[in-house]
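> structure, please.
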Amino acid sequence: RLKYFHLKRRGVGRAKNFGLLKARGAVVAFTDDDCIVDKEWLKIIYTSFQRDTDIEGMFGKVLPYKKTLNTGKVCPCIFLNRSRRFITQPRYHATRIGFGNNMSFKRRVFGKVGGFKEWLGPGSIGSNAEDAEFALRTILGGYKLLYNPEAKIFHDRWLSEEEFRKQRLSYSCGEVASYGHLAFKGERLGKKVVADNFRDSYFKITRALKSLLFLKTSGFQLLFNALEEFLWRFRGLVVTLIYSTR
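Numbering: from 1, shown residues only. Got it, this is the predicted structure:
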């Protein structure tokens, strides 16, 4: 009952679209290769779509896996919101919607709003956030989503502080690319998230330059980190400039 398909070309968005071509069920559930799903995960997804027949998609809770065995490390893409709620308006995905490692959608919605953007997501030029873009596109298409904390998965990816810093660079690129795509469509949330990213870079670079003026040795590292993050965000902006105008 399990089938494994290997794609020669990289890209999470491309892989998800390929999976959609192979899927036959009314509901398609997504997780990642570094996640462990709760034993009730599929059952809760099924009953949620049976109970709330007007939803087109659902996100769930993401917990760190074996936290006590990974003291001093960081587990990214954790989503711990406790309240079950419906989502009908665009929201910032990382705090109000959820992540692609625990999401499910009715297969029919992909025929209505299209599949995942293959220039977004890990392994692509956009680096990340194919899940955020698709969720927001679905909401803007007039469809209702559900966040259900009972649908749980455990993320088994643990990073050092430096590894996590580098991972955030990739996230920032994808975020600017994804929300920049919305901004090109005139969506206020997209404009706000992109502006917030570059405002954050401005303050970090300014703070680092002030440290250098006061001859603080940490200023060089702060400036390097701030410029590196700015360049990743700028990459995301270039990506969205290229692909949003096609």
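> run a quick neighbour tally on S170.
Other residues near S170 come to 17 when the count uses other CB atoms under 10 Å. In short, each C-beta sits where N, CA and C put it, glycine included.
> which residue, other than its chain neighbours, is closest to S211?
Spatial nearest neighbour of S211, chain neighbours left out: G219 (3.2 Å); criterion: CB to CB, 6 or more residues apart in numbering.
> dump the residue contacts of that neighbour.
Residues in contact with G219 (CB atoms under 8 Å, 6 or more residues apart in numbering) are A208, L209, K210, S211, L212, L213.
> show the buried residues in these.
With burial judged by 16 or more other CB atoms under 10 Å, the buried subset of the contacts of G219 is A208, S211.
> closest to S124 among the contacts of G219?
Ranked by distance to S124 (CB to CB), the contacts of G219 are led by A208 at 30.1 Å.
> next, count neighbours for G190.
For G190, the neighbour count with other CB under 10 Å is 22.
> count the residues that sit near the residue nearest to it when sequence neighbours are not counted.
Distance criterion CB to CB, 6+ apart; nearest residue to G190, sequence neighbours excluded, is L182 at 2.8 Å. L182: 24 surrounding residues under other CB under 10 Å.
> which residues does L182 contact?
With contact taken as CB under 8 Å, 6+ apart, L182 is in contact with P90, E133, L136, L140, L189, G190, K191.
> any idea which element the third one lies in?
Looking back up the chat, that one is L136. Using DSSP states H and E, L136 sits in helix 130-140.
> contact partners of that helix?
12-13, 16, 30, 56-57, 59, 87-91, 93-94, 97-100, 103, 105, 109, 113-118, 120-121, 124, 145, 174-175, 178-179, 181-182, 187, 189.
> state the distance from L80 to F164.
Counting by CB to CB, to the nearest Å, the separation of L80 from F164 is 17 Å.
> check R188 too.
As judged by CB to CB, R188 and F164 stand 30 Å apart.
> wait, I36 touches R157, no?
No. Contact status for I36 versus R157: not in contact, 11.0 Å apart, counting by CB atoms under 8 Å.
> more crowded one of the two?
In this view I36 and R157 are compared by other CB under 10 Å, and R157 has more residues nearby, 19 against 15.
> just want the phi and psi numbers for the nearest residue to that one once chain neighbours are set aside.
Nearest residue to R157 in three dimensions, chain neighbours excluded: D34, at 4.5 Å (CB to CB, 6+ apart). Dihedral pair for D34: phi -110, psi 30, per degrees, to the nearest 10.
> dump the residue contacts of the residue minimising distance to the centre of the chain.
Geometric centre of the chain, nearest residue: A129, 4.0 Å, by CA atoms, centre = their mean. Residues in contact with A129, defined by CB under 8 Å, 6+ apart, are H93, L120, G121, Y171, G174, E175, A177, S178, Y179.
> quick one: it and G100, what's the gap?
Separation of A129 from G100 (CB to CB): 9 Å.
> what are the buried residues along the helix or strand containing E175?
Using DSSP H and E, E175 sits in helix 161-184. Using 16+ other CB under 10 Å as the test for burial, helix 161-184 gives 167-184.
> run the chain-centre distance for that helix.
Per CA atoms, centre = their mean, to the nearest Å, the displacement of helix 161-184 from the mean C-alpha position of its chain is 9 Å.
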